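Peer 1: need coordinates for the below:
(one chain, ligands or ions: 1)
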Amino acid sequence: MTPFILAVEDEDALSTLLSYNLEKEGYKVAVAADGEEALLMVDERQPDLIVLDWMLPKVSGIEVCRRLRNRAETRNIPIIMVTARGEESDRIRGLDTGADDYITKPFSMTELTARIRAVLRRIRPGLAEDLVRHGDITIDRVAHRVKREGKEIHLGPTEFRLLDYLMQHPGRVFSREQLLDAVWGSDVYVEARTVDVHIGRLRKALNQDEGSDPIRTVRSAGYALDVDA
Ligand code: CA
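Peer 2: Purely as a prediction, here's the structure:
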């Protein structure tokens, strides 16, 4: 699963450079030019990490950070705050507000991508690692193999991506629309019912030995991978 990064930057030259370099690193990137747009974009599709400039038009970076931290649905999104050189007190305020890390302008892309990798590894280990375990399920992203209790499980590509995504966020409930956006992509038009079909296939593959069902259906809300699976 490709980590999705939202870069919030009002300087065109820098945002172009950011999206170019982050895409080259293998991330999926979206750019917001001000704080208001950033908040709207987060509501539309939750990023795996936000690179957030401090000085932004409309709603400042610090305010964006504060608002995201105040809402349960967005509280845990990793944020790397970008500050201008010498803003020591701002820097500390940034961390107080709940940014996970900060980087000072001007910075090199190598420095930024190293920070991104470090934050993702720390906060979303499931995203950065090749081998992810949850309960008795193991997913190997490099070999594209899934095992449950040591036994190989054969999944189609969509079921694989679906399981991969759910395993990155155990316990969290996703609506069909959220799963469609994350697994199929927001530019693909498929019916929400399609998610049910693939969840059904995934369940069948995972539970073939009549093991406990790790996927929880939440009535009128969506699906989650159980935390104690
Ligand atoms: Ca700025």
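Peer 1: contact partners of stretch 156-170?
Peer 2: Stretch 156-170 is contacted by residues 1, 124, 126-127, 132, 134, 137, 139, 141, 144, 146, 155, 174, 179, 182-184, 198-199, 201-202, 205-206, 215, 223-227, 229 when judged by C-beta atoms under 8 Å, 6 or more residues apart in numbering. The C-beta positions use only the backbone N, C-alpha and C, and glycine is treated the same way.
Peer 1: quick one: buried ones out of the residues you listed?
Peer 2: Among the contacts of stretch 156-170, those scoring as buried are 1, 124, 126-127, 132, 134, 137, 139, 146, 155, 174, 179, 182-184, 198-199, 202, 205-206, 215, 223-225, 229 (criterion: 16 or more other C-beta atoms under 10 Å).
Peer 1: what is the burial count for Ala38?
Peer 2: Other residues within reach of Ala38, judged by other C-beta atoms under 10 Å, total 29.
Peer 1: which parts of the protein sit against the ion?
Peer 2: Residues of the chain found near the ion, taking C-beta under 5 Å from the ion as the criterion, are Asp10, Asp53, Met55.
Peer 1: how about 6 Å then?
Peer 2: Asp10, Glu11, Asp53, Met55, Leu56 (C-beta under 6 Å from the ion).
Peer 1: quick one: neighbours of the second one, just the number.
Peer 2: Which is Glu11. Taking other C-beta under 10 Å as the criterion, the count of residues near Glu11 is 13.
Peer 1: what sits closest to it if chain neighbours are left out?
Peer 2: Distance criterion C-beta to C-beta, 6 or more residues apart in numbering; nearest residue to Glu11, sequence neighbours excluded, is Asp53 at 7.9 Å.
Peer 1: what sits against that neighbour?
Peer 2: By C-beta under 8 Å, 6+ apart, the contact set of Asp53 is Val8, Glu9, Asp10, Glu11, Gly61, Val82.
Peer 1: TSV for the residues you listed, including distance to Lys151, secondary structure and pLDDT?
Peer 2: Below are these laid out as TSV (distance: C-beta to C-beta, whole Å; DSSP: H, G, I helix; E, B strand; the rest coil; pLDDT from 0 to 100):
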residue	distance to Lys151	secondary structure	pLDDT
Val8	45	strand	98
Glu9	47	coil	97
Asp10	52	coil	96
Glu11	53	coil	94
Gly61	48	helix	91
Val82	46	strand	90
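Peer 1: which of those residues lies closest to the ion?
Peer 2: Minimum distance to the ion across the contacts of Asp53 is 4.5 Å, recorded for Asp10 (C-beta to the ion).
Peer 1: what residues are up against that closest one?
Peer 2: Applying C-beta under 8 Å, 6+ apart, one finds that Asp10 lies in contact with Ala33, Asp34, Asp53, Met55, Leu56, Pro57.
Peer 1: which residues in the protein form strands?
Peer 2: Listed in chain order, the strands of the chain (DSSP state E) span 4-8, 28-32, 49-53, 79-84, 101-105, 131-134, 137-140, 145-148, 151-153, 215-218, 222-225.
Peer 1: most packed of those strands?
Peer 2: Neighbour counts (mean count of other C-beta atoms under 10 Å) averaged over each of those peak at strand 49-53, with a mean of 26.
Peer 1: partners of that one in the sheet?
Peer 2: Pairing partners of strand 49-53, with direction, according to DSSP bridges: strand 4-8 (parallel), strand 79-84 (parallel).
Peer 1: dump the ones you listed to JSON lines, plus distance to Thr194.
Peer 2: Output for the strands paired with strand 49-53, formatted as JSON lines (distance: least, C-beta to C-beta, whole Å):
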{"stretch": "strand 4-8", "distance to Thr194": "21"}
{"stretch": "strand 79-84", "distance to Thr194": "32"}
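Peer 1: that concludes my questions; thank you for your assistance.
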